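Chemist: model this:
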Amino acid sequence: MIHAILLPFLAFPAAQAPTQLYQEIPGVKEFSGRLTVRPSQEEAVDHIHPEWIREFVADTNEYILNIPASHDENSLSAELMATGLFEYAEPDWWVYTIGTTPNDPKFSQQWHHSKMNSTIAWDYGTGDGSFIACTVDTGVNTGHEDLSASMVPGYNSASNQSQANGGDVSDVHGHGTNTIGCVGAIGDNSKGVVGMAWDIKLMPVRCTNFSSGVAYMSDITDGARWASDNGARVIGASWSGVDSSTVGTTGTHVRGEGSILVWAAGNDGRQINGYDHTDVVVTAATKNNDTRTSWSNYGNIVDCAVPGDGIWTTSRSGGYSSVSGTSFSCPIAVGVLAMMMQTAPNLSADAIEQMMYDNCKDLGSSGDDIYYGAGRPEFDLCMEAAFLNGGGSGGADSITLTGPTGLIKGFTASFDFTRAAPNSLVHLLYSTSNTGVTLFGHNFEIGNPWGVVTSSQADSSGQGTLSSLVPPSAPSGTYYLECAVNDNGTISDSNLMTVTVF
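Modeler: Purely as a prediction, here's the structure:
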């Protein structure tokens, strides 16, 4: 967009402090540095400085204006409205999504979704229909109405048999159907509950043949390794025994395959010392007031704290039930990580894990602590970070380019980009042909009628600004713009913009 700070030669008299007609509501509508104005008479245009104009919308006879440094939303609006020539001059608000709300009947009873801002997170996606997550547990009711359509063949590690070769993955206890529903109960299907990830594939791994729900640790770790070997990218283990060296070893093996192992902290209410598994995400449990449950284990081993008290999920009977335990904090975290990984497929498992910690709400003592770790994941912020940091790299039309559609010779124009690869060098490209620019973006060939306007470094979030003077000698007419990144031969480019030079 055209930034007033890049136009120091513009000097407008400071306006008198007007009545503050427009007020921001943080998180609802906020000032963006732009106005939307609609003339009511033809001579109104004489009161709009050309360098303010970002866009003219012919369909509605509106102008989108960039506010100069000498004004703000209220002062520029007041100045224009005082002429009596405008129907309105109002902020081009930054507004926020209200959120994607599923129609599942028990959704309103799933308090963890409102606590973690799931409806906002789901605006970034609900799954891609192919990403696989897994729980290593007591089996699953594979015919459950809220699960069956998402199931992929699994494994019985207690019998060392894949489901495809006759391994039994039916639920011998009930715990397994509870946990996997927290990950991915199908959403918006007018049935029961909704998991963190509506539309991913769920892999059942049964690690015990005992109805009591007891399992050998070696069968749990074998199940986790099998799941990773067979395509599961996030694997949950809701069992005691996190204070075992083999848990860390298994986590490192799984991480080496590009997957993430998540383990429950346990429900003994005790402090665990001497363990802090680098490659395992360990989850404590919280209540609906963001405090740790009394029975949740704690210690340096805890990486984050996730809702785990009174969680509504799927049950072995084919119905639904409310359950409590770090066993259910674990698969909720699995769902968050799964959604982040499928949103940012080019990011490493390490990067995804750290990104989740970076987007946790700090609970308890400031910073990482023994009760809450990094805090409670804010699902919406986790998904936003995944979208901005990883969702934009590695494919055509992945970067988002925005800016003015009308350019004035002799003035500096600036274009904002998002979703580029973090810290990448982003090039602004132009063409006189709406096909040439795409070819240029993909092949990085420099030659008439293509050209590089300018380049700029993206920040760690993949965002930045590309600014350039529109040459006074530039021919008037239509040009086509996009931005692109060449990442070791992999080209990512943006949407195509059409601009007019006056």
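Chemist: C-alpha from now on. contacts and neighbour counts both.
Modeler: Fine.
Chemist: report the secondary structure state of Ile180.
Modeler: For Ile180, the secondary structure call by DSSP: H, G, I helix; E, B strand; the rest coil comes out as helix.
Chemist: what about it, distance to Ser211?
Modeler: Plainly put, Ile180 is 18 Å away from Ser211 if you go by CA to CA, to the nearest Å.
Chemist: so those two - more neighbours on which side?
Modeler: Ile180 (32 against 12; other CA atoms under 10 Å).
Chemist: leaving out the residues flanking it, which one is nearest to the more buried one?
Modeler: Nearest residue to Ile180 in three dimensions, chain neighbours excluded: Thr135, at 6.0 Å (CA to CA, 6 or more residues apart in numbering).
Chemist: which residues does the one you found contact?
Modeler: 176, 179-180, 203-205, 235-238, 331 (CA atoms under 8 Å, 6 or more residues apart in numbering).
Chemist: identify the bridge partners of it.
Modeler: Following DSSP bridges, Thr135 is listed with bridge partners Pro204, Gly236.
Chemist: with just CA atoms, put the longest helix anywhere in the chain into PDB.
Modeler: Scanning the chain for the longest helix, with DSSP state H as the assignment, gives helix 326-343. Coordinates of each C-alpha in helix 326-343 appear next as PDB, following Å, rounded to 0.1, in the frame of the first residue of the first chain:
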ATOM      1  CA  THR A 326      -4.100 -36.200  31.500                       C
ATOM      2  CA  SER A 327      -5.100 -39.100  29.200                       C
ATOM      3  CA  PHE A 328      -7.400 -36.600  27.500                       C
ATOM      4  CA  SER A 329      -5.000 -33.600  27.600                       C
ATOM      5  CA  CYS A 330      -2.700 -35.700  25.500                       C
ATOM      6  CA  PRO A 331      -4.900 -36.300  22.500                       C
ATOM      7  CA  ILE A 332      -6.200 -32.700  22.600                       C
ATOM      8  CA  ALA A 333      -2.600 -31.700  22.100                       C
ATOM      9  CA  VAL A 334      -2.200 -34.300  19.400                       C
ATOM     10  CA  GLY A 335      -5.100 -32.700  17.600                       C
ATOM     11  CA  VAL A 336      -3.600 -29.200  17.900                       C
ATOM     12  CA  LEU A 337      -0.200 -30.400  16.600                       C
ATOM     13  CA  ALA A 338      -1.900 -32.400  13.800                       C
ATOM     14  CA  MET A 339      -3.700 -29.300  12.600                       C
ATOM     15  CA  MET A 340      -0.600 -27.200  12.700                       C
ATOM     16  CA  MET A 341       1.500 -29.800  10.800                       C
ATOM     17  CA  GLN A 342      -1.100 -30.200   8.000                       C
ATOM     18  CA  THR A 343      -1.400 -26.400   7.800                       C
END
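Chemist: and it, how far out from the chain middle?
Modeler: Centroid separation between helix 326-343 and its chain, computed with CA atoms, centre = their mean, to the nearest Å, is 13 Å.
Chemist: show me what that helix is packed against.
Modeler: strand 132-137, helix 175-184, strand 234-237, strand 260-264, strand 280-286, strand 304-307, helix 349-358, helix 379-389 (3 or more CA pairs under 8 Å, 6 or more residues apart in numbering; DSSP states H and E).
Chemist: out of the ones you listed, which comes closest to Ala121?
Modeler: helix 379-389 (3.9 Å; CA to CA).
Chemist: need the CA coordinates for that closest one. CSV is fine.
Modeler: Listed next in CSV are the C-alpha coordinates belonging to helix 379-389 (Å, rounded to 0.1, in the frame of the first residue of the first chain):
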residue,chain,number,x,y,z
PHE,A,379,-5.4,-23.1,19.3
ASP,A,380,-6.2,-20.1,17.2
LEU,A,381,-2.8,-18.5,17.6
CYS,A,382,-1.1,-21.8,16.9
MET,A,383,-3.0,-22.2,13.7
GLU,A,384,-2.4,-18.5,12.7
ALA,A,385,1.4,-19.0,13.3
ALA,A,386,1.4,-22.3,11.2
PHE,A,387,-0.5,-20.5,8.4
LEU,A,388,1.8,-17.5,8.3
ASN,A,389,5.1,-19.3,8.9
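Chemist: ok, then the element right after it?
Modeler: Using DSSP states H and E, the helix or strand that follows helix 379-389 towards the C-terminus is strand 400-402.
Chemist: tell me how many other residues crowd Ala420.
Modeler: Here the number of neighbours of Ala420 (other CA under 10 Å) works out to 34.
Chemist: so what's the nearest residue to Gly406 once chain neighbours are set aside up against?
Modeler: In space, and not counting its chain neighbours, Gly406 is closest to Thr500: 5.0 Å by CA to CA, 6+ apart. Residues in contact with Thr500 (CA under 8 Å, 6+ apart) are 405-407, 476-479.
Chemist: and the residues you listed, which two are the farthest apart?
Modeler: The distance between the two most remote of the contacts of Thr500 (CA to CA) is 13.2 Å, for Thr405 and Ser476.
Chemist: who has more neighbours out of the two?
Modeler: Thr405 (18 against 13).
Chemist: do I have it right that that one meets Val499?
Modeler: Yes - Thr405 is within contact range of Val499, at 4.4 Å (criterion: CA atoms under 8 Å).
Chemist: now the helices for the stretch 51-200 of the chain?
Modeler: In the stretch 51-200 of the chain, the segments counted as helices under DSSP state H, counting those that start in this stretch are 73-81, 111-115, 118-121, 175-184.
Chemist: okay, those, which one's buried deepest?
Modeler: helix 175-184 (a mean of 30; mean count of other CA atoms under 10 Å).
Chemist: got the domain ranges for the protein?
Modeler: For the chain, whose domains are defined here by automatic domain parsing, the residue ranges read 4-95, 107-389, 400-501.
Chemist: a markdown table for these, including distance to Thr101 and mean pLDDT?
Modeler: Putting the domains of the chain into a markdown table (distance: least, CA to CA, whole Å; pLDDT from 0 to 100) gives the following:
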| stretch | distance to Thr101 | mean pLDDT |
| --- | --- | --- |
| domain 4-95 | 17 | 78 |
| domain 107-389 | 6 | 96 |
| domain 400-501 | 25 | 74 |
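Chemist: tell me the most buried of the ones you listed?
Modeler: For the domains of the chain, the stretch with the most neighbours on average is domain 107-389, a mean of 22; neighbours defined as mean count of other CA under 10 Å.
Chemist: residues making contact with stretch 103-115?
Modeler: When contacts are taken as CA under 8 Å, 6+ apart, the neighbours of stretch 103-115 outside the stretch itself are 119, 187-194, 288, 307, 311-312.
Chemist: against which helices or strands is the longest strand along the chain packed?
Modeler: Ordering each strand of the chain by length in residues (DSSP state E) puts strand 477-487 first. Other helices and strands packing on strand 477-487, by 3+ CA pairs under 8 Å, 6+ apart, are strand 425-431, helix 436-443, strand 490-493, strand 497-501.
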